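Asker: Got a sequence here, can you model it:
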Amino acid sequence: MKHTLSVLVEDEAGVLTRIAGLFARRGFNIESLAVGPAEQSGISRITMVVPGDDHIIEQLTKQLYKLINVLKVQDITEVPCVERELMLLKVNYNSSTTRSEIIELAQIFRARVVDIGDDSLTIEVVGDPGKMVAIVQVLSRFGIREIARTGKIVLVRESGVNTEFLKTQAPVEARF
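Answerer: Numbering: from 1, shown residues only. Sure, this is the predicted structure:
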């Protein structure tokens, strides 16, 4: 199972290296990593997606707390969250028909064309990880030249509404 960890750290040189080293020493892979300033000056938020069972994640959390600059570690895998990623995708095209088709498909995903070359389009996509997989699948038939993708960023929903749970529910019929 993949777990999402949100880690608050002091914004100092070498913190990320120590955290990555901790994972490497224990033979764990970090599938996604995003780091940036948090709400408080001098604090950074690291969001990681890590494969492993609950026991492994519990051990990693304990090890992270032993690092001096780590302030808070949260496994937010089962917590209602807002998740986003950013992806830039360069797609081949060979005629105006293909170009317009790619642009139409991008619009369906609420993606934006951010650059047009002689034989390629660069598209910006923002959304949840599933959206990223879906647009790559749809556009792969045109030939994907390059992909640059950020790691997942996540914030806990204050409303407590779990949109993943809502997606799995059957629609409620109107009763009159």
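Asker: Show the subsequent helix or strand relative to the longest strand anywhere in the chain.
Answerer: For the chain, the longest strand by residue count, based on DSSP state E, is strand 81-92. The element immediately downstream of strand 81-92 (helix or strand, assigned by DSSP states H and E) is helix 96-108.
Asker: Next, the angle from that next one to strand 81-92.
Answerer: Orientation check (axes from the mean of the first three to the mean of the last three Cα atoms, to 10 degrees): helix 96-108 against strand 81-92 gives 180 degrees.
Asker: now helix 96-108: how far from the chain's centre is it?
Answerer: Here helix 96-108 shows a centroid-to-chain-centroid distance of 25 Å under the convention Cα atoms, centre = their mean, to the nearest Å.
Asker: before we move on, what SS does residue 118 have?
Answerer: coil (DSSP: H, G, I helix; E, B strand; the rest coil).
Asker: And residue 48, by the same measure?
Answerer: Classified using three-state DSSP, residue 48 is strand.
Asker: What is the neighbour count of it?
Answerer: Residue neighbour count, defined by other Cβ atoms under 10 Å, stands at 25 for residue 48. Bear in mind the C-beta positions are built from the backbone N, C-alpha and C, glycine included.
Asker: hang on, the earlier thing: outside of the longest strand of the chain, which residues touch it?
Answerer: Strand 81-92 is contacted from outside by 4, 102, 111, 114, 119-129, 132, 135-136, 139, 142-157, using Cβ atoms under 8 Å, 6 or more residues apart in numbering.
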